[in-house]
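> sequence and predicted structure below; questions after.
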Amino acid sequence: MRTILVATTALLSTTFGALAEGELNLFNWGNYTSPEMIEKFTAQTGIAVTVTDYDSNTTALTKVEAGGSGFDLVVPSANYIPVYLRKGLIAELDHSRLPNIGNITAEWKDVPWDPGRSHSVPWQWGSVGMAVNTTVYGGDVNTSELFMDPPEELVGKINVVPEMSDVINMAIFNLGGEACTEDLVLLKQVRDKMMAAKPKWLSMDYGTTDKLSSGDYAASVNWNGSTMRARINNPDIVYGYPKEGYPLFMDSVALLSDATNVDEAYQFINFILEPENAAMISAFARYANGVAGSEEFMPEDMKTAPEIVTPAEFVAAGKFLPTCPQSAIDLYTAIWTELLK
Amino acid sequence: MSRQTPGRSKGLNGWLLSTPALILLLLAASGPLLIVAVYSVLEKGDYSGVRWILSGEGWFRVLFEKDIFDHTISLADANLSIFWRSFKLSIATTVITFAFGLPTAWFIATRPAKSRAFWLFLITIPFWTNLLIRTFAIMEVIRNQGILNTFLMHFGLISEPIQILYTDTAVLMGMTYVYLPLMVLPLYAAIDRFDFRLIEAGYDLYASRWQVLRGVILPIIKPGIIAGCILVFIPSLGAYVTPRVLGGGKNMMIGNFIELQFGQGQNWPLGAALSTVLLLVVLVSLLVYTRASSRDNPNG
């Protein structure tokens, strides 16, 4: 629900009001920021943080690009970082101002979309899979056929999150393609199969954590952390890893070029690279972070959660989404627009 | 008498004094519209925005679509179905709010003068709460585990929840609830001025109840009916929040479709062209309204 409200939540507790000596505006995905972590940051630094939600990469990009947003930090997905960079919307990070930069785990230290982490640091990463309510559907959950060709039990009861790159790439994997493919024959199949499946979907909506928990959807294309939160509320929910292939994502924090609270932003970035604080982010949204040493501060239930610890047989099917060339993005956008209307 | 300013200079002064306000109004009202109109004939930019190159693509896409793969051009069924759904739902909202609004307005107007204020006050209560909150409240009522389904299941009237949320019915319920006061208030204003002796006169002339309604009441309160219908129909046509929350992203209306072009669709010129189309539809509706009401009341 919060994701739709696009609510501006001032998380500054009045207790710390007297200490407030700076401010920071964080523009992040809805239901993604740990309030406890923000409180701790404010208590430690006296900087008041305002968190504003968005619900998709495109929404965030459009608002930032329009200018005058007043935001200092944004948290785009990996495939959007190069877009921000190309448009000159994010600033290069001065690593000398980030003593904790070395805490980034080896696998996320040098990434193709941001070589040398010159413009972003990890926020959280996870996978896109299928969340299914087992009281409604008892069959195999580890397949993207659930939304590409919904079984009888799920017709009219399945939701698909309207996040273009996650859904299109999962559909491409479903039909045996590779991420960023520009194979027109395959993409035509992707479009046709999705268009045929769409009438069997209930909705294309965000706010999946709440609606899976409450039973408004029986299934959804969903992110692993959100599914874990739904499962904690409703034990009938399980998370499936599509064997045809499923996308892995990482969202990273970047400093906007027109940020006004640059010093505060650096303090914040450095703060979240502290293992204990990174663990707070994960404990809230239930995704893994990219900070070494955070594991020991993580809640016990995340160390064994089937949504977080991918079963060995499905690990290989998880594919990190690279940054696709513009020509591929144009094709996907065309398919996506056709699908949405 | 001597203190009164002569008519002409009063007019001139008046104009001079109101110039700043007029300029501001003109800029604030037509400036954004002009931007919309200009954007609709430009080329779309990467991801968002426009390129300053003249292009008819935005307008072309309102009515036609080009297949991504074989580049055949066809009528844009999807766009037309969204327009048709918006139109259909807005008409239905108008009809339903009228069906509920007329008896309500009649009831209020026929209460003793003292208690009318109280009833009107009740009608305005929903306006105290933000539209978004009211829409989420509707969602709480109709969702699968919501009040309505729980109630029906508790009494064994249904065995599993009825899927209302994310359907056109949900959008219609939401809009009817939200726009009902906009129908009641102008109807009340019209009925309040109605001379009830005319009804007695009708009966004295042996008119049936139906004839009194058709021949006496409705023609006299017609301006109120038209005003109410316009006040409900136009915002319904451009509704955004209600279909967004209750329609689940699949049952779009024009407002959502326009938003899509500025967000995920990444096609601002098409969004601008669609906005202009919506504006024209509203303009035509208003023209029809003013003509319809002036024909009946030649004296104003």
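Received it, and whenever you're ready, just let me know what you need.
> all contacts plus neighbour counts: C-alpha atoms, from now on.
OK.
> give me the element B:Ala189 is part of.
Assigned by DSSP states H and E, B:Ala189 belongs to helix B:168-192.
> now that helix: buried residues?
Buried residues in helix B:168-192, counting neighbours by 16 or more other C-alpha atoms under 10 Å in any protein chain shown, are found at B:168, B:170-188, B:190-192.
> can you give me the strands for the chain?
If you meant another chain, say so; for now it's chain A. For chain A, the strands defined by DSSP state E occupy A:8-10, A:22-29, A:47-54, A:73-74, A:120-133, A:158-160, A:201-203, A:219-223, A:237-240, A:246-255, A:318-320.
> not quite, go with chain B.
Under DSSP E, chain B gives strands at B:42-44, B:50-54, B:64-66, B:73-75.
> closest one to B:Ala239 among the ones you listed?
Proximity to B:Ala239, assessed across the strands of chain B by C-alpha to C-alpha, is greatest for strand B:64-66 (23.9 Å).
> and chain B, which of its residues are near chain A?
B:47-48, B:68-69, B:78-79, B:82, B:143-145, B:166, B:245, B:247-250, B:252, B:257, B:262-266 (C-alpha under 8 Å from any C-alpha of the partner chain).
> what is the mean pLDDT for stretch A:266-280?
What stretch A:266-280 shows for mean pLDDT is 96.
> can you check stretch B:172-182 too?
On average, stretch B:172-182 scores 94.
> and the contacts of it?
Outside stretch B:172-182, the residues that touch it by C-alpha atoms under 8 Å, 6 or more residues apart in numbering or on different chains are B:89, B:92-94, B:96-98, B:100-101, B:123-124, B:131, B:134-135, B:138, B:228, B:231-232, B:236, B:242, B:246.
> pull out the buried members of those.
Of those, these count as buried by 16+ other C-alpha under 10 Å: B:89, B:92-94, B:96-98, B:101, B:123, B:134-135, B:138, B:228, B:231-232, B:236, B:242, B:246.
> in helices, which of these appear?
B:89, B:92-94, B:96-98, B:101, B:123, B:134-135, B:138, B:228, B:231-232, B:236, B:242, B:246 (DSSP state H).
> return the residues of chain A in contact with chain B.
A:4, A:58-59, A:62, A:164, A:184, A:188, A:202-205, A:214-216, A:331, A:333-337, A:340-341.
> now the closest residue to A:Thr62 other than its chain neighbours: how far from A:Pro242?
Take A:Thr62 and drop its neighbours on the chain: the residue closest to it by C-alpha to C-alpha, 6 or more residues apart in numbering or on different chains is B:Ser48, 6.3 Å away. From B:Ser48 over to A:Pro242 the distance is 32 Å, taken as C-alpha to C-alpha, to the nearest Å.
> you'd agree A:Thr337 is up against B:Gly265?
Yes. In this structure, A:Thr337 is within contact of B:Gly265 by C-alpha atoms under 8 Å, at 5.4 Å.
> who has more neighbours, these two?
B:Gly265 (25 against 17; other C-alpha atoms under 10 Å in any protein chain shown).
> how much space between B:Val277 and B:Leu237?
The value you get for B:Val277 to B:Leu237, if C-alpha to C-alpha is used, is 12 Å.
> ok, now B:Phe118?
Following C-alpha to C-alpha, the distance that separates B:Phe118 from B:Leu237 is 31 Å.
> ok, back up a step: of the residues of chain A next to chain B, just the buried ones, ChimeraX syntax please.
Entered in ChimeraX, the line below selects the buried ones among the residues of chain A next to chain B, by 16+ other C-alpha under 10 Å:
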select /A:4,58,59,62,164,202,203,204,205,214,215,216,331,333,334,335,336,337,340,341
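> what residues are up against the residue nearest the centre of chain B?
The residue lying closest to the centre of chain B (C-alpha atoms, centre = their mean) is B:Pro235, at 2.1 Å. Not one residue lies near B:Pro235 by C-alpha under 8 Å, 6+ apart.
> low-confidence ranges in chain B?
B:1-10, B:293-300 (pLDDT under 70).
> what sits opposite A:Gly240 in the beta ladder?
Note on A:Gly240: beta-bridge partners A:Met130, judged by DSSP bridges.
> that older thread, comparing B:Phe118 and B:Leu237, which residue is more hemmed in?
A count of neighbours by other C-alpha under 10 Å puts B:Leu237 above the other of B:Phe118 and B:Leu237, at 23 against 11.
> distance of that one from B:Ala92?
For B:Leu237, the distance to B:Ala92 - C-alpha to C-alpha - is 11 Å.
> ok, B:Phe194 next?
27 Å.
> all helices of the stretch 1-150 of chain A, in order?
A:2-5, A:35-45, A:57-66, A:81-86, A:106-109, A:145-148 (DSSP state H, counting those that start in this stretch).
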